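Peer 1: predicted model and sequence follow; I will ask about them next.
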Amino acid sequence: TLSFPYRNDNHTAYMNVAQVKRAIAASASLAAGRHDVLEAAHAAISTDGRARPGPKLLLTLTPDLPGAFPIEAASFHAFRRELSASDLPIYGRDVFGSFGVGPRRFIASTGESRCRHVAHFHGDGTAAWVTEGPLVGAFGGTDEALPELVRSWHSDLVVMNVLAILHYLAGHSTKRAAAAGTATARLTLAVGNQPACGIASDRGSSAHIVFSSVDQQFAVGTAGLLLGAADGGSLLVQAAAALLADCYQRFGVVEAEQLTHDGQINLPAWGPRYRQKITEWASTTGVEVLTGG
């Protein structure tokens, strides 16, 4: 009979083939179940009527092993007090001013309707956030003499939104729901009924220029991350870089150059307007800033 060693209470024990198969099946079932949780959370935030219509940036995070956060009156009041007083990294204060309850979740939004920000915080540590899509007028097209002015995703603002939102969603998983280990995050850029958009940057210039080779109405990126990203620092930047790269590749762009996959800020890749703000954020979160060309 084949058997496989594993460690248990400082002793070596053995699993036979049937036990290994059951363990693999249980792991696959758990992974599928958590994927369904992420899908449901994404669908719920996508259809929340409190959000403003039009282009949207959506980010959903689900811990691979669920945590536990009580949905009750006492925890709701604490949740409301915390978010009302929070000074969120990058966003600052007064992000949320309206609070409610949904199925096994708390809900926060900027106001009661047509809000810039809406977020769902689930009891198992899953969280989702939708904000208005950061679009900008940019020059694109193939005619260099008469470049076309088109609406495009503002790359710097997309990156800043992802850093801010991912940081807070991971914090919900670890600090409220006490989840640990790994999680799966999904980023969606959706323009709704508007024409498909590319990605634009004002790097090294006062004008925004489209640098993507493909326009999209709907682009999704997915990445796994360590929930240690909740503490900020390089783990957060690494997770954001992986998530953005998977999304940007739908536009024919290999990655978001503003971040490195080693967890650093690549300052020359940012437009001049946002360099001071991202440098200040990096200083407060302990992220290294690269200043070379």
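Peer 2: Yes, it's here.
Peer 1: mind listing the helices for the stretch 51-200 of the chain?
Peer 2: Using DSSP state H, counting those that start in this stretch, the helices of the stretch 51-200 of the chain run over 73-85, 155-171.
Peer 1: with mean neighbour count as extra columns, can I get those helices in a markdown table?
Peer 2: Every C-beta, even on glycine, is put in place using the N, C-alpha and C of the backbone. Listed next are the helices of the stretch 51-200 of the chain as a markdown table, based on neighbours: other Cβ atoms under 10 Å:
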| stretch | mean neighbour count |
| --- | --- |
| helix 73-85 | 13 |
| helix 155-171 | 24 |
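Peer 1: Q194 is nearest to which of those helices?
Peer 2: Judged by Cβ to Cβ, the one of the helices of the stretch 51-200 of the chain that comes nearest to Q194 is helix 155-171, at 16.0 Å.
Peer 1: now distance to L227 and mean pLDDT too, for the helices of the stretch 51-200 of the chain, in TSV please.
Peer 2: Shown next, in TSV, are those (distance: least, Cβ to Cβ, whole Å; pLDDT from 0 to 100):
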stretch	distance to L227	mean pLDDT
helix 73-85	19	93
helix 155-171	6	96
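Peer 1: now distance to H261 too, for those, in CSV please.
Peer 2: Shown next, in CSV, are the helices of the stretch 51-200 of the chain (distance: least, Cβ to Cβ, whole Å):
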stretch, distance to H261
helix 73-85, 32
helix 155-171, 14
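Peer 1: mind checking which of those is nearest G111?
Peer 2: helix 73-85 (13.2 Å).
Peer 1: what angle separates that closest one from helix 155-171?
Peer 2: Angle, helix 73-85 to helix 155-171, by axes from the mean of the first three to the mean of the last three Cα atoms, to 10 degrees: 150 degrees.
Peer 1: who's in contact with G224?
Peer 2: G224 sits next to 64, 182-185, 242 when contact means Cβ atoms under 8 Å, 6 or more residues apart in numbering.
Peer 1: which of those has the most neighbours?
Peer 2: A183 (29 neighbours; other Cβ atoms under 10 Å).
Peer 1: count the neighbours of the nearest residue to that one once chain neighbours are set aside for me.
Peer 2: Nearest residue to A183, sequence neighbours excluded (Cβ to Cβ, 6 or more residues apart in numbering): P63, at 4.6 Å. When counting by other Cβ under 10 Å, one arrives at 27 neighbours for P63.
Peer 1: check the gap between P63 and A138 for me.
Peer 2: Separation of P63 from A138 (Cβ to Cβ, to the nearest Å) stands at 37 Å.
Peer 1: next: I278.
Peer 2: 20 Å.
Peer 1: ok, these two, which is more surrounded?
Peer 2: Each of I278 and A138 has its neighbours counted (other Cβ under 10 Å); A138 has more, 25 against 22.
Peer 1: wait, isn't that one in contact with L149?
Peer 2: Yes. Between A138 and L149 there is a contact under Cβ atoms under 8 Å: 7.2 Å.
Peer 1: count of residues packed around the closest residue to S205 other than its chain neighbours?
Peer 2: Leaving aside its sequence neighbours, S205 sits nearest to G271 (Cβ to Cβ, 6+ apart; 8.0 Å). Look at G271: counted by other Cβ under 10 Å, it has 19 neighbours.
Peer 1: model confidence for G271, exactly?
Peer 2: Looking at G271, its pLDDT reads 94.
Peer 1: wait, doesn't it sit right on A207?
Peer 2: No. Look at G271 against A207 with Cβ under 8 Å: they stay out of range, at 10.1 Å.
Peer 1: got the contact list for C247?
Peer 2: C247 makes contact with 187-189, 219-221 under the criterion Cβ under 8 Å, 6+ apart.
Peer 1: so who does F96 touch?
Peer 2: Contacts of F96 by Cβ under 8 Å, 6+ apart are 83-84, 86, 108-110, 117, 119.
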